[in-house]
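**Student:** my questions are about this predicted structure, shown below with the sequence.
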Amino acid sequence: MKTYEKSGGFFPVFERKTGPAKDATHYCPGCGHGNVHKMIAEALEEFGLLGRSVFVSPVGCSVFGYYYFNCGNFQAAHGRAPAVATAVKRTNPDSIVISYQGDGDLAAIGTAETIHTANRGENICVFFVNNAIYGMTGGQMAPTTMIGQRSTTTPQGRIETVHGNPIRMAEMLATLPAPTYIERVAIGDSKHIMKARKAIRKAIRIQAEGKGYSFVEIVSACPTGWKMDPVHAREWLLEDMLKVFPLGVFKDESDSREEDSWLRRYDAYDPAVVDEYLDRLKSTLGDAEPVALAEDLHCKFAGFGGQGILTLGLLLSQIGMRAGQHVSWFPAYGPEMRGGTANCSVNVCGSRIGTPLVETPNVLVVMNQPSLDAFEKEVVDGGVIIIDTTIVEGRPDDKRLRPVLIPATAIADEVGTAKIANVVVLGALVAATGCFPRAFCEDTLRAAIKKRSLVDMNIDAFGRGYEFVKNAR
Amino acid sequence: MARQFMKGNDAIVVGALAAGCRAYYGYPITPASEIAHAAALHFPALGGVFIQAESEVAAMNMVYGTAGMGVRTMTASSSPGFSLKQEGLSYAAGAELPCVVVNIVRGGPGLGNIAPEQGDYFQITKGGGHGNYRLIALAPNGAQEMCDLTMHAFELADKYRNPACIMADGITGQMMEVVEIPKALPKTWDHTSWCVDGTPGTAGNLVSSIILEPLELEAHNLKLEAKYEQIRNHEVMFEKYAVDDADLVVVAYGVVSRIVYSTVDQARAEGLKVGLLRPITVWPFPSAVITSLCATAKAFLAVELSTGQMVEDVRLAVEGRKPVHFYGRCGGVVPGGDELLAEYRRVLGGGSR
């Protein structure tokens, strides 16, 4: 006589299970979960994968998958098992990850996770037990509940025009290019069980070979939820459910895909590698000796989008940083940034900077008329206001402020492009405020400008702006 | 000296990498998207994981997955997205998974706007998800702290096996400052005693937050609470500026603390003895120092980008010993220095607004 033993894929005793009967599952008589559990457990053991397997239990009747499977176990939030499984697989590509889900979990609350995990072709197995009902929560309508089927939330039966139709997940997912293997099987009699076993084993092999995403939908009975005895439940499954959920292979590219072609790279943390990488992010301006700052600068730069207003602020910031000063730069961000006006606040200070927002600038750069109207009144008495007279027609109060009127865009045109007016303005700002020495600023520009071919033009523009102000005095 | 001029949002990613974070899961949202942009660039380049998830919910549950493997991981979002992460945060707290979640707070409620606000204080410090749990919450006020406190958040998350949150605002995220790039931390953590990472050594472990028996779940909750008490006792961080002799202690965090800082010297120049107390951890809240300041301060003023959230914690710490005032702007309006000075004068002069 041959003795069949429990698979080593299961714990010998179900110690995690609450209550007595640590050798029996919590499933009802006639339930399909036991069969599916057994097929998975056997496959994992036979293929020698248990040690690196991670079983992700969903919310639903199989929420207690971790009572049984003799491998690493996660319990996930409702519908989120594919997201958890995705992360586990990506963080350890050598792991074998199983997302085990029921119909409410997979096809209702977790629909987004289900579809996108499939669409990314995550190299995992999704085993979907479709029994057309919410079992654990008390027999409510599932997304796969049949038309006419009574449940605790469809007491008159599911009605198409009220509740929608049973959803066919295998067919839907098969429209996606990424999945490798999608099949629907059933468990009801031994012939179907053998086919289901084969499909489950195939899915696990595909994952072990790194060939990508597998989805096996298992049409399964829930006598308790259906309020049938197990025999009638089995008949109803095979005769009625399979008409709506036809069995078959909806997609199979397992033969045409290369081994490991859907495995993603993952490297464990190595501080030395990170240090080397972060070192490449550091400023390339080079270390200069600290340069004294004549007076703290609280600048506002304003104009149209495309005039290089934000870049102007960044260039001054980099000069300040290289000089060893405290610097902050803050842009007006969001839709207004894309809508045609741009402004930013820059502080360059000898000591710790308080607010990064410049409310009362001592330097205001104005490169369009609306900015003059908006910001002139904010400038402190005696503050510098630099105006690009090529563009701005208005003139500021020269009794209260120190205006610098410079045709920056026209000068930039002479240099070669109007786009460089911001650097002309920077030269004017440095000359008007005397914040840093000219040579120091030019050295910084040379280091800061990434495109080597543009360096000379920028230095030229800066110099012309600087000279314009010096000569005007 | 390795330093760079960078956005606060970028500095978060630098800090995360240097703290050994290996997986980033995110979803686009203004004004936090730069964090995802930087993560998309740097994590794969270092052999780590970056996934733009299908939703904030999925992103947070991916964090749950990697965190359950004992690997440092994070996600970042802004207020509406952070609301969606509450489910995953509750599960992570229940399963005791260390992870870091960044919230670059914007204007609410609802879709609100993308301007800076601090209206998520309750959600972050009082538990936005279900059940008895806490987030360790750090509130940086500049780019360097965005980097450094992110590193610290990973350390605290690991130390206490609990999610940690970086609570910042649109200004702190978007502004650029000089950041000293840190050295990568040595890998001192080992979670193989509890994590499930797909290796035989951890195959006997379980990552779960389900505990059916009421007495067992109560015991689990009490264990979590004992942990939170340890955090309250040991991890409070704050900064004091001119508070020891202050008549008016202004309590402010994040970008507001920067604005207040700018006003303290101005206030003192006109004879108003004002000081700044800045909570760096907003949970645990620096209650003890506020209580002790009741001996010297005449009044407290909470300034927030909200209609009054942190002020409740200030009142709890003061326990009625001294008047606690509140000044807040919200919807993306940021108070100006003059506005705050007027408020100090009003409070100290006993006048009306």
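**Tutor:** Cool, got the structure. Numbering: from 1, shown residues only, chains lettered A, B, ... in the order given.

**Student:** setting the sequence-adjacent residues aside, check what's closest to B:Met6.
**Tutor:** Nearest non-adjacent residue to B:Met6, counting by CB to CB, 6 or more residues apart in numbering or on different chains: B:Val179, 5.3 Å away. (Glycine included, C-beta is placed from N, CA and C.)

**Student:** could you report the neighbour count for A:Lys419?
**Tutor:** 17 (other CB atoms under 10 Å in any protein chain shown).

**Student:** likewise for B:Ser287?
**Tutor:** The burial count for B:Ser287: 17, using other CB under 10 Å.

**Student:** and the pLDDT at it?
**Tutor:** pLDDT, B:Ser287: 98.

**Student:** repeat that for A:Gly334.
**Tutor:** A:Gly334 carries a pLDDT value of 50.

**Student:** what mean pLDDT does whichever strand or helix holds the residue nearest to B:Met6 have?
**Tutor:** Secondary structure from DSSP states H and E places B:Val179 in strand B:176-180. Average pLDDT, strand B:176-180: 97.

**Student:** which secondary structure state does residue 63 sit in?
**Tutor:** No chain specified, so I'll use chain A. Put simply, A:Val63 is helix when judged by DSSP: H, G, I helix; E, B strand; the rest coil.

**Student:** was after chain B, sorry
**Tutor:** Per three-state DSSP, B:Val63 ends up helix.

**Student:** which residues touch residue 253?
**Tutor:** No chain was given, so I picked chain A. By CB atoms under 8 Å, 6 or more residues apart in numbering or on different chains, A:Glu253 lies in contact with A:Thr180, A:Tyr181, A:Gly212.

**Student:** hmm, no, I was thinking of chain B.
**Tutor:** B:Tyr253 neighbours (CB under 8 Å, 6+ apart): B:Gln118, B:Ala139, B:Asn141, B:Arg278, B:Pro279, B:Ile280, B:Val282, B:Met310.

**Student:** how about a cut-off of 7 Å?
**Tutor:** Contacts for B:Tyr253 (CB atoms under 7 Å, 6 or more residues apart in numbering or on different chains) come out as B:Ala139, B:Arg278, B:Pro279, B:Val282, B:Met310.

**Student:** does the residue nearest to B:Met6 touch B:Lys7 like I think?
**Tutor:** No. Distance between B:Val179 and B:Lys7: 9.3 Å, which falls outside the contact criterion (CB atoms under 7 Å).

**Student:** shared neighbours, these two?
**Tutor:** B:Ala143.

**Student:** hang on, the earlier thing: I'd like the next helix or strand past the strand holding B:Val179.
**Tutor:** Using DSSP H and E, the helix or strand that directly follows strand B:176-180 along the chain is strand B:206-207.

**Student:** quick check: neighbours of that following strand in the sheet, parallel or antiparallel?
**Tutor:** In the sheet, strand B:206-207 lines up against strand A:72-75 (parallel) (DSSP bridges).

**Student:** closest point of the stretch 151-300 of chain A to chain B, which residue?
**Tutor:** In the stretch 151-300 of chain A, the residue that lies nearest chain B is A:Asp267 (2.8 Å; CB to the nearest CB).

**Student:** ok, that residue touching B:Val49?
**Tutor:** No. Using CB under 7 Å as the test, A:Asp267 is too far from B:Val49 to be in contact (10.0 Å).

**Student:** for the strand holding B:Val179, list the C-alpha coordinates in CSV.
**Tutor:** Output of strand B:176-180 as CSV, limited to C-alpha atoms (Å, rounded to 0.1, in the frame of the first residue of the first chain):
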residue,chain,number,x,y,z
MET,B,176,18.1,75.4,-3.1
GLU,B,177,20.9,75.8,-0.5
VAL,B,178,24.4,74.6,-0.1
VAL,B,179,24.5,71.0,1.1
GLU,B,180,27.5,69.1,2.4
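
**Student:** so what touches that strand?
**Tutor:** Here strand B:176-180 makes contact (CB under 7 Å, 6+ apart) with A:317, A:321, A:327-329, B:1-7, B:11, B:14, B:142-144, B:147.

**Student:** now do stretch B:69-76
**Tutor:** A:88, A:91-92, B:12, B:16, B:19-26, B:32, B:35-36, B:59-60, B:63, B:66-67, B:85, B:99-102, B:154, B:191-192, B:195-197.

**Student:** what comes up buried for it?
**Tutor:** By 16 or more other CB atoms under 10 Å in any protein chain shown, the buried positions in stretch B:69-76 come out as B:Met69, B:Gly70, B:Val71, B:Arg72, B:Thr73, B:Met74, B:Thr75, B:Ala76.
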